[in-house]
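Asks: Show me how the following folds:
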Amino acid sequence: MRSTIKFALTAFIILSTFVLKAQTDAGDTYPKVRLNLTNAAGSKMKLLQFVGAKVVVVDSATLNNTNGSIELKGWPINEELQFQLVMQDKDQKMFVLYPVLDNHSVAEIYMDFSVIGGKDTYLDKFRYENSPSSVDWNNMMHFPAKWKKAKYGLETQFKSAITPTIKSEIDSLSNLIKDYRVALLKSTKSAATIYTGLNLLKFDYSDEDFGELLKDILGRFPQSEVVKNKVNWFIDTKNYIPPTGEVLAIGVQAVDFSFITDKGATQKLSSYKGNYILLDFWASWCKPCREESPFLKQAYLKYGKKGFKIVQVSIDNLSDEQKWRTAIVKDGTQPFVHTRKDKNDLLIKQYKVTAIPVNYLVDPSGKIVASNLRGEALDAKLKEIFR
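Replies: Sure thing, here's the model as predicted:
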């Protein structure tokens, strides 16, 4: 919580009056920021971009005239990204803005350095136009400021004597902040907002609820590397494993589909009819999926010659073929049948895959007889079948 408050307070000292307008320019293949400045002679600008774990200065400029425009360019990116724009006026005062851009965005920022006021005037002196991702990011960061300020005031004023009534007020303010951010995380279409929101929300959100939220987010952003990396960071370091989503009912007929294996052969799920088939959805970036590999190998070694097959469907991005193949070799699952999702995600939708790992056990007649058999549960079920 302390780091969240510190981050919010840092944001409050960003003093500016500006209008940010994002528009589309079909001829551009990189992010751009265009600053239209007034009364800003001698001001310096730097555009910083997040590259992996580092923040890199990708462009900079100085305005020599009193009024004028400066254009800064970022490096090409795979999906939208929150940039950092650092401005310094002639008196060495620093201002920082956080536009969210993609490769075709042009952020128009209008700023008059002569009317910059104190921190209390910062939040109501700028707006974003035609840039929903920037709007969502800004709201995630700044909208709860009045509640955070009131909460911090109560905690500071009554830190040595918090009565039940004061505690109730503090808890109510915490819930307002949490509920607002959760609602925004569930509605935003911005991966950058998801990234920042998860960082902020973790400080005051229960573990059980947080796991449910991660599940919801993964279901809405299956192709976003920014979101996947952030969710997997929580999974890797905090043991938050999103619960598996809705699955097909036991007893229904498994949806048949054609696919191309990792060896280039064209197959259908029904090609393996007469066997028990474990249809397993996974990804190379999914740690819980990869942790199932030893159990899958053990089951295949034990029951493979008795009529048990494993068909693994990767939901990795189609551009990540090498990551998929490397994971297969590293996990030692080459004996399984491997394929990848289709480009329209039809198979994922048909099998209601909203979170991974998820699997279905299909009997010799093609009916689903079990789902989500993980760890030793898979061996127990197969032992029951092949006894």
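Asks: for the chain, longest helix please?
Replies: The single longest helix within the chain, with elements called by DSSP state H, is helix 164-187.
Asks: Could you tell me which residues within it count as buried?
Replies: 169-170, 173-174, 176-178, 181-182, 184-185 (16 or more other C-beta atoms under 10 Å). Placement of C-beta: from N, CA and C, glycine included.
Asks: Show me what whichever helix or strand comes after it is packed up against.
Replies: Downstream of helix 164-187, the next assigned helix or strand under DSSP states H and E is helix 191-201. Applying 3 or more C-beta pairs under 8 Å, 6 or more residues apart in numbering; DSSP states H and E, one finds that helix 191-201 contacts strand 81-82, helix 132-142, helix 164-187, helix 207-220, helix 225-238.
Asks: One more pass at 6 Å, please.
Replies: helix 132-142, helix 164-187, helix 225-238 (3 or more C-beta pairs under 6 Å, 6 or more residues apart in numbering; DSSP states H and E).
Asks: what angle do that helix and helix 207-220 make?
Replies: Helix 191-201 runs at 180 degrees relative to helix 207-220, counting by axes from the mean of the first three to the mean of the last three C-alpha atoms, to 10 degrees.
Asks: what's the average pLDDT for helix 191-201?
Replies: Across helix 191-201, the average pLDDT comes to 85.
Asks: relative to helix 225-238, how tilted is that helix?
Replies: Going by the same axes, to 10 degrees, helix 191-201 makes 20 degrees with helix 225-238.
Asks: Now do the buried residues in helix 191-201.
Replies: 191-201.
Asks: One more: stretch 30-38?
Replies: Those would be 31-37, for stretch 30-38 by 16+ other C-beta under 10 Å.
Asks: ok, these vs V51, which is closest?
Replies: Distance to V51, by C-beta to C-beta, is smallest for P31 among the buried residues of stretch 30-38, at 12.8 Å.
Asks: Quick check, that closest one in contact with L101.
Replies: Yes. Between P31 and L101 there is a contact under C-beta atoms under 6 Å: 3.7 Å.
Asks: Surely V369 forms part of a strand?
Replies: Yes. Looking at V369 with DSSP: H, G, I helix; E, B strand; the rest coil, it is inside a strand.
Asks: Tell me how many other residues crowd the residue nearest to it when sequence neighbours are not counted.
Replies: Nearest residue to V369 in three dimensions, chain neighbours excluded: D363, at 4.8 Å (C-beta to C-beta, 6 or more residues apart in numbering). Counted with other C-beta atoms under 10 Å, residues neighbouring D363 total 17.
Asks: from memory D363 sits against A370, does it?
Replies: No. Using C-beta under 6 Å, D363 makes no contact with A370, being 9.1 Å away.
Asks: Roughly how far does the spatially most central residue of the chain sit from S314?
Replies: In the chain, the centroid-proximal residue (C-alpha atoms, centre = their mean) is V227; its distance is 1.6 Å. Applying C-beta to C-beta, to the nearest Å, the value for V227 to S314 is 18 Å.
Asks: Look up phi and psi at L373.
Replies: Per-residue torsions, L373: phi -90, psi 100 (degrees, to the nearest 10).
Asks: now the one 3 residues further on
Replies: Per-residue torsions, E376: phi -70, psi -10 (degrees, to the nearest 10).
Asks: Which pLDDT does the model give the closest residue to it other than its chain neighbours?
Replies: Leaving aside its chain neighbours, E376 sits nearest to F295 (7.0 Å; criterion: C-beta to C-beta, 6+ apart). pLDDT recorded at F295 is 91.
Asks: where does F295 land in three-state SS?
Replies: On the basis of three-state DSSP, F295 is classed as helix.
Asks: same question for the host helix or strand of F259, mean pLDDT?
Replies: According to DSSP H and E, F259 maps onto strand 258-260. Strand 258-260 comes out with an average pLDDT of 89.
Asks: Over to stretch 98-106?
Replies: 82.
Asks: for that stretch, how far is the first residue from the last?
Replies: Stretch 98-106 has an end-to-end distance of 13 Å (C-alpha to C-alpha, to the nearest Å).
Asks: from the middle of its chain, how far away would it be?
Replies: 17 Å (C-alpha atoms, centre = their mean, to the nearest Å).
Asks: quick one: the closest residue to I166 other than its chain neighbours and H142, what's the gap?
Replies: In space, and not counting its chain neighbours, I166 is closest to F158: 4.9 Å by C-beta to C-beta, 6+ apart. Counting by C-beta to C-beta, the gap from F158 to H142 is 25 Å.
Asks: Settle it for me: which of these two has more neighbours?
Replies: Counted by other C-beta under 10 Å, F158 and H142 do not tie: H142 has more neighbours, with 18 against 15.
Asks: just for the protein, where's the confidence low?
Replies: For the chain, applying pLDDT under 70 flags the ranges 1-28, 115-130, 159-160, 202-209, 235-248.
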